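Student: Okay, structure incoming, though there's no sequence with it:
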């Protein structure tokens with residue numbers, strides 16, 4: 001399909017939002033109206049095309065980013081529908097890394113919610129141009145203007161309304177297009193497939209003129225040509241206005257705002273038009289920078305089909321036990337059956353098959369080129385965040401960073417047969433999900449799984465059973481603490497030993513100093529070459545860093561610490577091994593004399609409860625060591641913002657349900673580590 005398309009016709013976009021704002025429903029409508037689906041799949045019926053995993057259908061939430069491709073008018077739109085739940089932010093992170101534009105979907109009732117803030121900041125980090133779609137205009141309590149205000153207030157965005165809703169709640173009947181000055185209504189009998197644009201009716205005319213004026217004013221602030229015409233009261237054509245909105249959106253000066261109700265089939269086609277009109281093609285965003293793996297010289301990766309190949313693997317899935325890698329091709333082309341090069345591993349890989357993805361259905365391609373987002377079968381060694389290129393023109397694209405896990409559970413296989421399968425299943429999950437960590441507890445022999453939240457680990461256990469038929473017993477969740485130094489401390493060690501017939505010697509003196517929260521681990525060597533030769537410094541640093549990972553108090557990693565090597569000694573017996581072991585011993589000596597503390601993960605919690613249950617909800621939160629930071633009423637709902645230690649928040653969803661007769665909801669995300 002994309003074979004004869006120019007790169008300028010591609011739109012690689014993501015749909016991102018808070019859990020339950022209706023992202024997947026919006027995507028389902030897009031697939032229906034672009035002819036990709038023959039019937040509309042609903043999330044609540046467990047039939048959404050994009051939520052194809054069993055767990056997604058059971059829970060009605062998106063867990064993995066699904067990739068799909070559709071065509072609208074002149075454009076090829078490649079969409080990644082991302083999860084909204086905080087436990088799966090890695091999926092959003094990976095998607096944003098390879099997208100050119102995004103649509104933020106906001107609920108007209110809730111406006112900007114905590115997780116929409118998180119994904120918005122992630123998009124800021126990757127400089128992704130965005131549009132906003134205010135969804136659920138038909139719901140009780142829908143308020144378009146309050147939702148737009150919350151974008152200014154909470155996201156610091158510059159939202160520019162290019163549409164107005166015609167009524168809201170039960171009276172929501174369509175939208176007013178402020179660019180063409182038309183009103184658009186949808187035909188319910190055709191599931192919204194047919195719609196018409198006509199003159200604006202009298203009741204909306206005054207409001208439309210007022211907001212058209214505000215639109216022109218907002219665009220003139222970011223576009224000099226429009227500013228001149230606006231000030232001299234000249235006619236501004238629709239074409240000029242569209243071009244100005246496009247360039248301001250791509251420059252991230254504005255966020256065009258549209259509205260509708262995806263569930264009621266209203267507002268989706270104008271959204272598709274706006275994706276084509278205002279969001280960038282791969283040619284409109286600055287070319288990606290890569291580096292040469294050997295010379296480290298910067299290389300511009302140009303979005304051209306005939307340039308050297310550069311592609312980034314942004315996700316790996318194990319589907320039916322087979323490895324499927326998702327990649328975005330930035331430059332050049334790939335052919336099925338050919339070889340590519342992974343510069344990080346310095347290995348060749350074979351592309352057995354190239355697939356055009358449509359959620360979990362796929363179509364085989366002979367070749368794919370710059371601008372395409374594809375699935376690849378056959379990569380044996382390459383993983384998430386790694387580059388594929390040609391061996392003659394090696395290039396490394398920037399890797400992705402991931403948060404560390406905050407919660408752990410212990411698991412053990414139920415039967416001997418499960419024992420045999422367990423390691424294999426876990427290795428598949430860790431290939432798929434870089435935020436999932438697995439380790440063996442030497443003392444108990446249990447396998448410890450660490451992840452981003454209770455739901456994250458719950459779904460891993462559920463997938464083990466449903467997809468891989470592996471049964472495990474699960475221990476209670478454990479918080480992953482960190483250890484810190486609370487005062488400076490020094491230590492020395494001498495290492496003198498014969499190992500397999502060879503003598504080794506080293507002496508190291510180390511000083512450890514506490515750093516501020518979040519500063520990480522820093523290393524300095526103040527010992528001169530006459531005490532420690534330069535070739536041993538790296539071995540010393542590695543030895544110390546490895547010894548800090550195992551902690552000292554309770555076996556948790558030590559963080560926020562400055563390591564200073566103050567002195568040392570060597571002779572002809574010295575070696576890297578001797579200095580590495582000796583440095584770790586000196587560090588242990590310093591820690592034995594040191595005063596240490598534990599840090600625990602503190603979570604930001606936002607609770608939505610009806611007025612009547614607010615007292616009970618706050619009392620329960622206080623009992624858990626939570627601190628209320630603010631309470632804001634919104635209609636008859638109270639929004640309580642608080643911070644609380646993760647260790648006290650296990651099982652909170654059940655407690656909140658019983659305190660509010662099932663009417664309270666909450667979101668929780670990691671905030672920082674703080675002293676226990």
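Tutor: Here it is on my side, so go on. Quick caveat: nothing in here was measured; it's all calculated off a predicted structure.

Student: quick one: contacts for the closest residue to residue 218 other than its chain neighbours?
Tutor: In space, residue 218 comes closest to residue 160 once its chain neighbours are excluded; the distance is 4.6 Å by CB to CB, 6 or more residues apart in numbering. Placement of C-beta: from N, CA and C, glycine included. Going by CB atoms under 8 Å, 6 or more residues apart in numbering, residue 160 touches 215, 218-219, 245, 254-257.

Student: so residue 160, which of the three states?
Tutor: Put simply, residue 160 is strand when judged by DSSP: H, G, I helix; E, B strand; the rest coil.

Student: Just the pLDDT for it.
Tutor: Model confidence at residue 160, given as pLDDT, is 97.

Student: circling back: can I get the contacts of residue 160 in CSV with distance to residue 554, secondary structure and pLDDT?
Tutor: Converted to CSV, the contacts of residue 160 look like this (distance: CB to CB, whole Å; DSSP: H, G, I helix; E, B strand; the rest coil; pLDDT from 0 to 100):
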residue, distance to residue 554, secondary structure, pLDDT
215, 59, helix, 96
218, 55, helix, 96
219, 58, helix, 96
245, 56, helix, 97
254, 51, coil, 97
255, 46, strand, 97
256, 52, strand, 98
257, 50, strand, 98
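
Student: show me where pLDDT drops low in the stretch 201-350 of the chain?
Tutor: Low-confidence segments of the stretch 201-350 of the chain (pLDDT under 70): 319-321.

Student: 80 - rerun?
Tutor: 317-322 (pLDDT under 80).

Student: where exactly do the strands run in it?
Tutor: Remark: strands assigned in the stretch 201-350 of the chain by DSSP state E, counting those that start in this stretch are 255-259, 288-291, 298-301, 310-319, 322-331, 333-335, 339-342, 347-350.

Student: hang on, the earlier thing: identify the bridge partners of the residue nearest to residue 218.
Tutor: residue 256 (DSSP bridges).

Student: Can you give me the distance of it to residue 204?
Tutor: Residue 160 is 19 Å from residue 204, where distance means CB to CB, to the nearest Å.

Student: Need the per-residue pLDDT for residue 121.
Tutor: 78.

Student: what's around it, how many residues?
Tutor: 11 (other CB atoms under 10 Å).

Student: pretty sure it belongs to a strand, no?
Tutor: No: judged by three-state DSSP, residue 121 forms no part of a strand; its state is helix.

Student: Could you list which residues are in contact with it?
Tutor: Taking CB under 8 Å, 6+ apart as the test, residue 121 contacts no residue whatsoever.

Student: How much space separates it from residue 498?
Tutor: From residue 121 over to residue 498 (counting by CB to CB), the distance is 56 Å.

Student: element containing residue 630, please.
Tutor: strand 627-634 (DSSP states H and E).

Student: For the stretch 501-650 of the chain, which segments are assigned as strands?
Tutor: 502-514, 521-525, 561-569, 596-610, 627-634, 637-645.

Student: List the contacts of residue 138.
Tutor: Residue 138 neighbours (CB under 8 Å, 6+ apart): 168-170, 172, 261, 263-264, 266.

Student: if I pick the nearest residue to it once chain neighbours are set aside, what's in contact with it?
Tutor: Nearest residue to residue 138, sequence neighbours excluded (CB to CB, 6+ apart): residue 261, at 4.2 Å. For residue 261, the contact set (CB under 8 Å, 6+ apart) comprises 135-139, 172, 267.
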